[in-house]
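> please work out how this folds:
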Amino acid sequence: MSTEAPATMEIETMPSESKPELNKLSLKPKFEPLKAHEMSDGRVQFRKVSVPPHRYSPLKKYWMDIYTPIYEQMKVDIRMNLKARKVELKTRPETPDTSNLQKCADFVQAFMLGFDVPDAIALLRLDELCGIL
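Below you'll find the model as predicted:
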């Protein structure tokens with residue numbers, strides 16, 4: 001054990017000739033955003049909403065009012081399965097966002113609970129709906 005002061009740390013410096021490489025590394029690749037079907041590995045996603053017996057007549061009456069915003073604006077397929085008594089929703093390759101499927105399911109569920117179509121359409125316009133239904 002010596003009583004000498006500890007030696008200073010040696011610092012090694014690299015020559016500054018690597019600047020052209022630095023410019024090459026600083027360029028980041030530019031990727032296009034993934035589409036909804038690419039995010040889910042190309043798998044189709046489904047949602048099913050049960051139709052209570054007392055809502056069949058209103059569903060038939062307002063079917064085009066329900067179908068149009070879901071199919072044309074949200075780009076989600078919709079159909080009525082009479083045998084299972086459910087409204088079935090599924091994504092398609094043109095669906096811009098995977099959250100559209102859940103918004104559409106919430107919209108149909110709100111209609112089944114008794115909301116008017118214009119009131120339920122507000123659910124399609126809201127972003128980040130935190131489980132209101």
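
> any buried residues in stretch 98-113, and which?
100-112 (16 or more other CB atoms under 10 Å). Any C-beta I mention is one placed from the backbone N, CA and C, and that applies to glycine too.

> also stretch 75-85?
Of the residues in stretch 75-85, 75, 76, 77, 78, 80 count as buried by neighbour count, 16+ other CB under 10 Å.

> where does the chain dip in pLDDT?
1-26, 35-38, 40-42, 127-133 (pLDDT under 70).

> could you pull out the strands for it?
Taking DSSP state E, the strands of the chain run over residues 46-50, 76-81, 86-91.

> of these, which is nearest residue 30?
Nearest of these to residue 30, taken as CB to CB: strand 86-91 at 26.4 Å.

> could you figure out how far the closest one is turned away from strand 76-81?
160 degrees (axes from the mean of the first three to the mean of the last three CA atoms, to 10 degrees).

> pull the residues that contact strand 86-91.
Strand 86-91 is contacted by residues 36-37, 40, 44-51, 59, 70, 76-81, 98, 100-101, 104-105, 108, 112 when judged by CB atoms under 8 Å, 6 or more residues apart in numbering.

> at 6 Å instead, please
Strand 86-91 is touched from outside by 44-50, 76-81, 101, 104-105, 108, with contacts defined as CB atoms under 6 Å, 6 or more residues apart in numbering.

> measure how that strand sits relative to strand 46-50, angle-wise.
Relative orientation of strand 86-91 versus strand 46-50 (the same axes, to 10 degrees): 160 degrees.

> with just CA atoms, put strand 86-91 into PDB.
The C-alpha trace of strand 86-91 is given here as PDB (Å, rounded to 0.1, in the frame of the first residue of the first chain):
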ATOM      1  CA  LYS A  86     -76.200 -10.900 -33.800                       C
ATOM      2  CA  VAL A  87     -74.800  -7.900 -35.700                       C
ATOM      3  CA  GLU A  88     -71.300  -9.000 -36.900                       C
ATOM      4  CA  LEU A  89     -68.600  -6.500 -37.700                       C
ATOM      5  CA  LYS A  90     -65.200  -7.300 -39.200                       C
ATOM      6  CA  THR A  91     -62.200  -5.300 -40.500                       C
END
